[in-house]
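Trainee: Okay, sequence plus prediction incoming.
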Amino acid sequence: MVKGELDYYMKRHNVVDEGFDMVARYAEEGDSTLSSYMPCGRISPLGFYKYKGVKRQGKGIIRDSLGRIIIGLWHADTLASGIRIDSTGIYAGQFNRLLQAEGHGTYRATDGSFYEGHWHGDMREGFGFHVSSSNLRAGIWKRDRYLGERMHYTGDRIYGIDISRYQHEQRRRVFPITWKLLRITNLGKKTERPVIDKVDYPVSFVYIKATEGISIRNRYFLSDYNDARRHKIPVGAYHFFRTQMKGRLQANYFLSQTRLNRGDLPPVLDIEPTDKQIAKAGGPEAMFREIREWLSIVEKRAGTRPILYVNQRFVWKYLDGAPDLKQNYLIWIARYGVYKPDVHLALWQLSADGRVTGIHSEVDINVFNGYAGQWEEFLREETIK
């Protein structure tokens, strides 16, 4: 599983991503950091530094206030670096004056998991990556809690938008989309901080809402769909799922109101129910049964796997209850803010308040999980046949 996670990471990242070199080194060499912090040569005996009046200097062994053994290199009465051993694993790296992990270091736990990155006060803080038997988490940590990957926004990434009738109708007025002018000029309020250069990105793909439930359709779908194709922008359709309606009926309604042409992006099932809606529909199992029905019908017609659009909370609370969906379908996740979600995904909707030249209202901004090579592969392998 670890190798698979590392392969996935290496395929979806490159040298512009924070910490890429660190993860790449681990993928190639494994955990080779312990020896670099292990002092060589003669080491002073355990308890040597407890002697009154002796300044700690050179190599030595000591116990901290918690009884953990530290073997390290001291300079001017300060532990510069070393290793610390306890019942749960081995830390190797830098320390502060309180003999806490501070600065860069690694931790190899007895369960085989491994972390390398920055520490503060014995807690993971700042950038680091953690590898276990089930996943790899590379990104920002705060007080030992993983927040997610901090993406660097540059022109090298693949950006797109999703639209519905709300991009046309504002305060009883109807606005056209000027397709020839489309450029992303603002990624949204929460995502402006990590931007590396000026935001002026092409719209590389468009998803358009087609239907909702079994009776609601987007009256602008067909014209927007045709305009996107006319301007050679990869385009796809999405359906908003209603938990209290049969998946079969919703799939048939979607297929009757949309377009599925060769080369179009995979159809998307937008799943955003509340806990009350799920309970009213019969619970998670009943909901997933209808979702599978929709996916099966649409997949047969499209000739490609649909994509699941969900939010982060749905992933955390419900998606593990349907491992077949989590493993077999690409995920498009909505998570507004700075940090990229901790799941394998195709697309990330990073904001709902971006700005695009040629569109009057605010727009949902999305980024593809990968770069140009992976995008070309996606268009080649995942689009409608």
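Mentor: Nice, thanks for sending it over. Numbering: from 1, shown residues only.
Trainee: what helices or strands is the longest helix seen in the chain leaning on?
Mentor: Assignment by DSSP state H gives helix 284-302 as the longest helix of the chain. With contacts taken as 3 or more CB pairs under 8 Å, 6 or more residues apart in numbering; DSSP states H and E, helix 284-302 sits against helix 247-257, strand 268-270, helix 323-328. Every residue, glycine included, has its C-beta placed from N, CA and C.
Trainee: Pull the distance from the last one to the chain's centre.
Mentor: What it means is helix 323-328. 17 Å (CA atoms, centre = their mean, to the nearest Å).
Trainee: Show the subsequent helix or strand relative to it.
Mentor: For helix 323-328, the following helix or strand on the C-terminal side (DSSP states H and E) is strand 331-334.
Trainee: Can you give the distance of that following strand from its chain's centre?
Mentor: 9 Å.
Trainee: Not counting its own residues, what contacts it?
Mentor: By CB atoms under 8 Å, 6 or more residues apart in numbering, the surrounding residues in contact with strand 331-334 are 268, 307-312, 315, 341, 343-349, 366.
Trainee: Near Leu265, how many other residues are there?
Mentor: Residues within reach of Leu265, counting by other CB atoms under 10 Å, total 25.
Trainee: I should have written Phe378 there, sorry.
Mentor: Counted with other CB under 10 Å, the neighbours of Phe378 add up to 21.
Trainee: Which element, helix or strand, includes it?
Mentor: Judged by DSSP H and E, Phe378 forms part of helix 372-381.
Trainee: Using neighbour counts, pick out the buried residues of that helix.
Mentor: With burial defined by 16 or more other CB atoms under 10 Å, the residues of helix 372-381 counted as buried are Gln374, Trp375, Phe378.
Trainee: and it, average pLDDT?
Mentor: For helix 372-381, the mean per-residue pLDDT is 95.
Trainee: on that earlier part again, flag every buried residue along the longest helix of the chain.
Mentor: Buried-residue list, helix 284-302, by 16+ other CB under 10 Å: Pro284, Met287, Phe288, Glu290, Ile291, Glu293, Trp294, Leu295, Ile297, Val298, Glu299, Ala302.
Trainee: same check, this time on stretch 319-334
Mentor: In stretch 319-334, counting by 16+ other CB under 10 Å, buried: Leu319, Ala322, Leu325, Lys326, Tyr329, Leu330, Ile331, Trp332, Ile333, Ala334.
Trainee: one step back: now the angle between helix 247-257 and the longest helix of the chain, please.
Mentor: 30 degrees (axes from the mean of the first three to the mean of the last three CA atoms, to 10 degrees).
Trainee: just how off-centre is helix 284-302 within its chain?
Mentor: Distance of helix 284-302 from the chain centroid (CA atoms, centre = their mean) equals 25 Å.
Trainee: What of stretch 139-148?
Mentor: 13 Å.
Trainee: Show me the contact partners of the helix holding Phe378.
Mentor: Lys11, Arg12, Asp156, Ile158, Ser204, Pro234, Gly263, Ala346, Phe368, Gly370.
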